[in-house]
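> Predicted model and sequence below, questions to follow.
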Amino acid sequence: MLVARFYAPGDIRLEDAPEPQAGPGELKIRVRNCSTCGTDVKIHRHGHHHIVPPRVIGHEIAGEVVAAGAGVTGWAEGDRVQVIAAIPCGRCDYCGRGWQTICPNQESMGYHYDGGFAEYMVIPEKVLAVDGVNRIPEGVSFAEASVAEPLACVLNGQEIAGVGEGDTVVVVGAGPIGCMHVRMARARGARQVFLVELNRGRLDMSANVVHPDAAIAGSEVDAVEEVLRLTEGRGADVVITAAASGKAQKDALQMVSRRGRISFFGGLPKDNPIISLDSNVVHYREVTIVGANGSSPAHNRRALELVASGAVPVADLITERLPLADVPKAIETVASGSAIKVTIEP
């Protein structure tokens, strides 16, 4: 079978490999879709400290069951499944308190275990142990199901930030995650959603699909001033920084209303993670700043339900479909920002 293996930064190789076999407690699936994201770009360019090469990467996975290993019940050949990316241990204090997204023992598909840029793959026993294999609802395609993983991360972030009825929400970053944040905010009852992006071409491409109440090009206007103008000086109830930008995080504090909430959804580069902010603004205006890290197995299931119900559509966000042999091209397309969501169809 064909796989895409990471060997070193800038070195992803398409190779022939023997089909893996399901061991005890494991499932073997045929991968039908594995979508790409900015993390794949980071891995390609810089590697990752959890990846010991060579490693088949790809972590937004959907496919169908081919075989079940010894001791696995409840799954049959042909079952359509979506697979979590982040694997909590299920045993630590944080997992016991329901905080699986911050499990200190967390592992990941495509990092610690071979991922979805392959024709076939094995789902580890640890994934099944935390109920991390989800049935794809009827009417949901494999491609849509693969997007449930990043959508689950968006759901987690908006739950933590408390996005709800009547909120005015600003989303900074018009990539696929930003698009999903716009739609998730609407599904959660937001009254207005504004989309901010530096790149005019990317902003127009995304805004034409998700239709925010305002599309703000940060390269052409002062985004803070524009948000304040649109909110008559009050600021937004919630600001979500869906971009790896320290400036976006600092600007968020100027865009947010009194008693507002800021979600630092996008992490900063590891070599430049420090920002400065006016803590008195946080103090006197009673602003809440929260983080968001990935998603739990339950978030993945709920994300699939949101797609199936039509509450958060994702099919039209998938603007490029490429074969497995084009994984390098897919990663470069993601890096260029010329597509919203790129999926691989082995």
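Happy to help now that I have it. Residues are numbered from 1 along each chain as shown.

> Please enumerate the helices of this structure.
Counting by DSSP state H, residue ranges of the helices within the chain are 38-46, 93-96, 125-129, 142-146, 148-161, 176-187, 200-210, 223-230, 246-255, 279-284, 297-309, 327-336.

> Just send those back as JSON lines, with mean pLDDT and mean neighbour count too.
For the C-beta atoms, the positions are set from N, CA and C on the backbone; glycine is no exception. Shown next, in JSON lines, are the helices of the chain (pLDDT from 0 to 100; neighbours: other C-beta atoms under 10 Å):
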{"stretch": "helix 38-46", "mean pLDDT": "94", "mean neighbour count": "19"}
{"stretch": "helix 93-96", "mean pLDDT": "98", "mean neighbour count": "14"}
{"stretch": "helix 125-129", "mean pLDDT": "98", "mean neighbour count": "18"}
{"stretch": "helix 142-146", "mean pLDDT": "98", "mean neighbour count": "25"}
{"stretch": "helix 148-161", "mean pLDDT": "98", "mean neighbour count": "26"}
{"stretch": "helix 176-187", "mean pLDDT": "98", "mean neighbour count": "26"}
{"stretch": "helix 200-210", "mean pLDDT": "98", "mean neighbour count": "18"}
{"stretch": "helix 223-230", "mean pLDDT": "98", "mean neighbour count": "18"}
{"stretch": "helix 246-255", "mean pLDDT": "98", "mean neighbour count": "21"}
{"stretch": "helix 279-284", "mean pLDDT": "98", "mean neighbour count": "11"}
{"stretch": "helix 297-309", "mean pLDDT": "98", "mean neighbour count": "21"}
{"stretch": "helix 327-336", "mean pLDDT": "97", "mean neighbour count": "19"}
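
> Which of these sits closest to R5?
Set against R5 and scored by C-beta to C-beta, those come closest in helix 327-336, at 9.7 Å.

> quick check: angle from the closest one to helix 200-210?
Helix 327-336 runs at 100 degrees relative to helix 200-210, counting by axes from the mean of the first three to the mean of the last three C-alpha atoms, to 10 degrees.

> Only alpha carbons, please: show helix 327-336 as CSV.
In CSV, the C-alpha atoms belonging to helix 327-336 read as follows (Å, rounded to 0.1, in the frame of the first residue of the first chain):
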residue,chain,number,x,y,z
VAL,A,327,0.2,14.8,0.1
PRO,A,328,3.2,17.1,-0.5
LYS,A,329,1.1,19.3,-2.8
ALA,A,330,-1.7,19.3,-0.3
ILE,A,331,0.6,20.6,2.4
GLU,A,332,1.9,23.3,0.2
THR,A,333,-1.6,24.3,-0.7
VAL,A,334,-2.5,24.6,3.0
ALA,A,335,0.6,26.7,3.5
SER,A,336,-0.2,29.0,0.6
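
> now the angle from it to helix 38-46?
110 degrees.

> Give the burial count for V342, as a bare number.
A count of nearby residues for V342, using other C-beta atoms under 10 Å, gives 24.

> Dig out what it forms beta bridges with.
E320 (DSSP bridges).

> and it, what is it in contact with?
V342 sits next to S35, T36, I318, T319, E320, R321, L322, A330, T333, V334 when contact means C-beta atoms under 8 Å, 6 or more residues apart in numbering.

> Roughly how far does the closest residue in space to S276 that isn't next to it in sequence sit from R202?
In space, S276 comes closest to K250 once its chain neighbours are excluded; the distance is 7.3 Å by C-beta to C-beta, 6 or more residues apart in numbering. Remark: distance between K250 and R202 (C-beta to C-beta, to the nearest Å) = 21 Å.
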